Each structure stands twice: as structure tokens, then as C-alpha cells.
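1. Have a look at this prediction, sequence included:
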Amino acid sequence: MPQLGWRIDLTRCTGCRSCQVACRSENNTGSVSFRWVFFEETGTYPSPALEFVSMACNHCASPACRAACPVGAITKDPANGLVNIDPALCIGCKRCAWACPYGAPQYNSDAGQVQKCSGCKQRIAAGLNPACVDTCVGRALEFADLSTLGSSTIRPARFADPKYTNPSIKFIR
């Protein structure tokens, strides 16, 4: 099964949050954010640095959110590996949000359901990149088949240990 995933070049992200704005606009997310940027201090004196990390759902190979869902509303698309929430089945219990170590599922109080990044599946179906990728001014984001994104031996300090869910994300620095 193919697996779409992210590659984030931490040296290219400027922290502008254009990816976050594009995501909100494309998906009309209302009170939740499917993509967010956090700042992380790196380095030591005399060379401290600030690193920006753009995050969204990692469309994990073994999604903790799917295992936690009591009604089977969360599935992996066999055609591309994307993790989706079926709004017709979601009961808004928030178990998936509590289970995800990356904070991807978000409770939308307006909808009474949990929602998350779909990888812009509507854009992928039309042969386009996710909105965040096309909007990234530093070209720090890439979304493609995980097997084509190379390897990654680094991870930001605030990123949960990947051994639990096998997230579909590669970081380069």
C-alpha cells in the first residue's frame, strides 16, 4: 500500500505561518487548526537558535487515534495511506484526540465532532498538493509517497517518539 507523507525541511521554515493560514482557508476549519507552527529553541551558548516546526496529522502507519475510536469512524485510505475521520460516524467522544501523541485530532465544538488534517484529500484527488505545501514561502513542506522522501534520523524535541505510531513524516535539518 502506498503511504503519502510529509517531509519538513527545518532549515527552510521561517515560522511565517502561511501554511497554517492556507489550511484554515482551504478547509474552512472554524475553531480548530489542522496545521500549526511551533517554535523550538535549539543550540547552546554561544550559538543559540530558534527552529520553526510546521505540524499537522502525520497519517501514521499505526494511528493511535484509529485504535482509540470506539465507533470505527477513523480509517486509513488503502489507496494512499491517509487517515480520515468519517463525520457520519464520529460521536465526538474525543478519545482519538486524547490518544494521538501529536495533537492532530481537534474537537470542533461548533460541529460537536473531532476533525483533523485530511492531507487535503480533495486537492490530492484533483492531482494538486495540499494547500499548505503550495503556500509555503520557504518551500519547507513536501507531501509525496513516503518511499520517495528519503530517510530521517532527527526529530524535534517536542515530537513524540515515532516508535509508537510510525508517523509518515521526515525531518531534515
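-> Cool, the structure landed. Predicted, not measured: the structure shown is a model, and the values here were computed from it. Numbers count the residues shown, from 1 in each chain.
2. Give me the helices and strands touching the longest helix along the chain, please.
-> For the chain, the longest helix by residue count, based on DSSP state H, is helix 18-27. On a contact count with 3 or more CB pairs under 8 Å, 6 or more residues apart in numbering; DSSP states H and E, helix 18-27 meets strand 36-42, helix 131-135. C-beta: built from backbone N, CA, C; applies to glycine.
3. Show me which positions of the first one end up buried.
-> Of the residues in strand 36-42, those buried by neighbour count under the rule 16 or more other CB atoms under 10 Å are 36, 37.
4. need the next SSE after it, C-terminal direction.
-> Where DSSP states H and E defines the elements, the next helix or strand beyond strand 36-42 is strand 49-55.
5. strand partners of that next one, parallel vs antiparallel please.
-> Its sheet considered, strand 49-55 pairs with strand 36-42 (antiparallel) by DSSP bridges.
6. quick one: contacts of the strand it pairs with?
-> Residues outside strand 36-42 that contact it (CB atoms under 8 Å, 6 or more residues apart in numbering) are 13, 15, 17, 19-20, 48-56, 156-158.
7. And the strands in the chain?
-> For the chain, applying DSSP state E gives strands covering 4-9, 36-42, 49-55, 74-76, 83-85, 106-108, 113-115, 141-145, 169-172.
8. residue ranges with poor pLDDT in the chain?
-> 1 (pLDDT under 70).
9. can you tell me which residues contact the residue of it most remote from its centre?
-> No residue in the chain sits farther from the centre than residue 46, which is 33.2 Å out by CA atoms, centre = their mean. For residue 46, the contact set (CB under 8 Å, 6+ apart) is empty.
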